[in-house]
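# Show me how the following folds:
(chains A and B)
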Amino acid sequence: MTPPAATRLRPLPLAAGIALLAASLLAGLLVGAAGLPAGGVLKALADAVPGVHLHTGLSDVQRSVLFDLRLPRVLLAALVGGMLALAGAGYQGVFRNPLADPYLLGAAAGAGVGATLVIVAVPGDPALAVPVAAFVGAIGGVLLAYALGSVAGRGDGAGTATLVLAGVAVSSFLAAVQTFLQQLRTDELQRVYSWILGGVGAADWRGLGLVVPYAAVSTLVLLPHGRLLDVLAVGEEEASALGVSAVRVRLTVLVAASLATASAVALSGLIGFVGVVVPHVVRRLAGSSYRIVLPLSLLGGAAFLTLVDLLARTVVAPGELPLGVVTAFVGGPFFVAVLRATRGPVRT
Amino acid sequence: MTIALRGLGVELDGRPVLRGVDLDVPAGSWTAVIGPNGAGKSTLLLALLGLRPGRGAVTIGGRDPRALRPRERARLVAYTPQRPQLPDGMTVFDYTLLGRASYIPYLGRESARDRAVAADVLDRLRLTEFAARPLGRLSGGERQRAVLARALAQQAPVLILDEPTTALDIGHQQQVMELVDTLRRDDGLTVVTTIHDLTLAGQYADALILLSGGRVAASGRPADVLTREMIAEHFDARVQVAEGPDGRPILAPERPR
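Down below sits the predicted model:
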């Protein structure tokens, strides 16, 4: 008898995810305030591939809009969305809590404190220091929430309910610290707010270059952990009896997910809900194994935020909506639906 | 594979849960740990697994499980908890494959052999038709078999089961006990279980160990441990003890007057 195959990511959903992302990126490049001809954009993209030379028909201004404004912006939106969704999926696996996301657990608020501290304390252009400070803050936020949750909820690691409460407490606390810091230097208020509400409008190649290494490392670490997160689904003690060190898996995924969160929020500010909404949609559509949830969340999150950014800059054009507003507008009602669904009886 | 405990003492939050526990389980035998609620039965099993730190000596086949890496330990001892956590959406096959975790490299994936072992175990436990079914859609008896399947997939010589018959009706209780006994004989497994149903314990186990207040109150053949007096003293219960087949005791509760 041929043994059945284990659950893993099948080619079809993977292809669908890649196609969705490609379509979103293309839409993000084609639609915008300065109308660019679709044919010219496609030719210019092909022309940018080494060894290919095409006459694009784009003016210098149009080329500049495409390569200096839209392309970095679309790529940053994809990177931020992918990282937040991947990190959210990772946190959910580690904490075995379907509602865990970077925002709930204090990583984003921690990153906010770090970034604000640098903006307020370092004169001049702090571009290099902000991602680093945001990263340190994100790790600090998660560890604080985790430590608080572990102390309060004894037993099998941190109890899931206790942990969410700890995350809320830590987030509120860090938000207070962040507010305090920004009030110390009201002349820097504008820069702090523009970082917090951020979005991806200020994207440039230099910023992208700063966070891509962080994002790449965390992605390379997180994606192969799907099988181990599935083992963790039976709890720390059982995982340990099965020969898997839950502590090692947790710590690795936590650090990598915090790195992913930090690389996202460092440039884009605080964008909620992506980390919860995207992994849950993936679970509903493709399956709940982390072998599926992790890679498809990465692709889905990237596509989602690219489209959200497209909405944010076109709905009230020529103005722009903050990205967090649009994700929350979609994510808020969804969050309630998930809460309801996870409360209902599942067993037959 | 023989199991031996010498002077095992375990404390939880500074409170002694087990004190001076000695235990010898011969290879290929079945030992049942009995005792009232809170006697330390589950803790004893976890200490055997090396998952609870404690004083005293623990050896399985001459090795101390506390000194083994999790991976080596999982190939030596398989364990099913009293209340296993069954992720509702996980299929029976994927769940059984979790038992192969100690054979798969850290970032690797399961081999064809791992899948074959899992499929074989499901076949033996008559679960093949459920392989693709999510755990959340199984009945109580099927769930218990799935948990056993995961443990058997570990291919460990020692099987430690915490209350394998909890929440099963009398028919499924017997089915599970028969199954464990068959596996023990066929594969030469050494089995240690905790179990609340004393008659069931007496019917299947080669030896009983009665824990009370964290100490061994009695141990030996079922007929020597399951006496009216012992039950009255340690469980505060009135029972009649009758002699069943092979001289094994059968207990019937008796309403106090």
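
# CA only for contacts and neighbour counts going forward, please
Noted.

# what's the neighbour count on A:G207?
A:G207 sits with 17 neighbouring residues when counted by other C-alpha atoms under 10 Å in any protein chain shown.

# Oh, that last question was meant for B:R6, not what I typed.
Other residues within reach of B:R6 by the criterion other C-alpha under 10 Å amount to 15.

# Wait, it touches B:L23, no?
Yes. Between B:R6 and B:L23 there is a contact at 6.8 Å, judged by C-alpha atoms under 8 Å.

# end-to-end on stretch B:132-146?
Its first and final residues considered, stretch B:132-146 spans 12 Å by C-alpha to C-alpha, to the nearest Å.

# tell me which residues in it are buried?
For stretch B:132-146, burial by neighbour count (16 or more other C-alpha atoms under 10 Å in any protein chain shown) applies to B:132-138, B:141-146.

# quick one: contacts of it?
Among residues not part of stretch B:132-146, those counted as contacts by C-alpha atoms under 8 Å, 6 or more residues apart in numbering or on different chains are A:346-348, B:86-93, B:95-96, B:122, B:125, B:127, B:164-165, B:167-168, B:172, B:176.

# ok, now stretch B:72-85?
Contacts with stretch B:72-85, where a contact means C-alpha under 8 Å, 6+ apart, come from A:233-235, A:238, A:241-243, B:49, B:65, B:102, B:147-148, B:151-152, B:154-164, B:166.

# now do stretch A:278-287
Residues external to stretch A:278-287 that are found in contact with it (C-alpha under 8 Å, 6+ apart): A:13, A:85-86, A:88-89, A:288-289, A:292-294, A:296-297, A:300-301, A:304, A:338.

# Show me how to select, in ChimeraX, the buried members of the residues you listed.
The following ChimeraX selection, which keeps only the buried ones among the contacts of stretch A:278-287, applies the criterion 16+ other C-alpha under 10 Å:
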select /A:85,86,88,89,288,289,292,293,294,296,297,300,301,304,338
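
# What about chain B: which of the contacts of stretch A:278-287 touch it?
A:S288, A:S289 (C-alpha under 8 Å from any C-alpha of the partner chain).

# So which of the contacts of stretch A:278-287 sit within helices?
A:13, A:85-86, A:88-89, A:292-294, A:296-297, A:300-301, A:304, A:338 (DSSP state H).

# Adding distance to B:P36 and pLDDT, write those out as a markdown table.
Compiled in a markdown table, the ones in helices among the contacts of stretch A:278-287 are given as follows (distance: C-alpha to C-alpha, whole Å; pLDDT from 0 to 100):
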| residue | distance to B:P36 | pLDDT |
| --- | --- | --- |
| A:P13 | 52 | 92 |
| A:A85 | 48 | 95 |
| A:L86 | 47 | 96 |
| A:G88 | 44 | 93 |
| A:A89 | 42 | 95 |
| A:I292 | 45 | 95 |
| A:V293 | 44 | 95 |
| A:L294 | 45 | 96 |
| A:L296 | 49 | 97 |
| A:S297 | 48 | 96 |
| A:G300 | 53 | 95 |
| A:G301 | 53 | 95 |
| A:F304 | 56 | 92 |
| A:V338 | 41 | 61 |
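
# Go through the residues you listed and name the one nearest A:L58.
Here the nearest of the ones in helices among the contacts of stretch A:278-287 to A:L58, counting by C-alpha to C-alpha, is A:F304; it sits at 28.6 Å.

# Quickly note the distance from that closest one to B:K41.
According to C-alpha to C-alpha, A:F304 stands 51 Å off from B:K41.

# And the residue of the stretch 201-348 of chain A closest to chain B?
Chain B sits closest to A:G243 of the stretch 201-348 of chain A, with a gap of 4.1 Å, by C-alpha to the nearest C-alpha.

# my read: that residue touches B:I104, true?
No. Taking C-alpha under 8 Å as the contact criterion, A:G243 and B:I104 are not neighbours in contact, 9.9 Å apart.

# And those two? Which one has more around it.
Neighbours per residue, other C-alpha under 10 Å: of A:G243 and B:I104, the larger number sits with A:G243, 27 against 16.

# list the contacts for that one?
B:R69, B:P70, B:R71, B:E72, B:R73, B:A74, B:R75, B:A101, B:S102.

# For the fourth one, give me the pLDDT.
I take that to be B:E72. In the predicted model, B:E72 carries a pLDDT score of 94.

# after the helix or strand harbouring it comes which helix or strand?
When secondary structure is defined by DSSP states H and E, B:E72 falls within helix B:70-76. Moving toward the C-terminus from helix B:70-76, the next helix or strand (DSSP H and E) is strand B:77-80.

# before we move on, back to that, mind listing which of the buried residues of stretch B:132-146 are in helices?
Counting by DSSP H, the part of the buried residues of stretch B:132-146 found in helices is B:G141, B:E142, B:R143, B:Q144, B:R145, B:A146.

# Chain A versus the fourth one, what's the distance?
Think B:Q144. With the distance defined as C-alpha to the nearest C-alpha, to the nearest Å, B:Q144 ends up 15 Å from chain A.

# Please state the mean pLDDT value computed over stretch A:172-180.
With pLDDT averaged residue by residue, stretch A:172-180 scores 92.

# Would you map the strands across chain B?
B:3-12, B:15-25, B:30-34, B:55-60, B:77-80, B:158-162, B:190-194, B:207-212, B:215-220, B:239-243, B:249-253 (DSSP state E).

# what's the answer for the stretch 1-150 of chain A, then?
Listed in chain order, the strands found in the stretch 1-150 of chain A under DSSP state E, counting those that start in this stretch amount to none.

# Surely A:G226 forms part of a helix?
Yes. Looking at A:G226 with DSSP: H, G, I helix; E, B strand; the rest coil, it is inside a helix.

# which one is B:D206 nearest to, not counting chain neighbours?
Ranked by C-alpha to C-alpha, 6 or more residues apart in numbering or on different chains and with sequence neighbours excluded, the top spatial neighbour of B:D206 is B:W30, at 5.3 Å.

# which residue is nearest the centroid of the chain?
As the question left the chain open, I've gone with chain A. A:L84 (1.1 Å; C-alpha atoms, centre = their mean).

# that's the wrong chain, I meant chain B
Computing the C-alpha centroid of chain B and ranking residues by C-alpha atoms, centre = their mean puts B:L161 first, at 1.5 Å.

# Identify the bridge partners of that one.
Note on B:L161: beta-bridge partners B:T80, B:T193, judged by DSSP bridges.

# can you tell me which residues contact it?
Here B:L161 is in contact with B:Y79, B:T80, B:P81, B:Q82, B:V191, B:V192, B:T193, B:T194 (criterion: C-alpha under 8 Å, 6+ apart).
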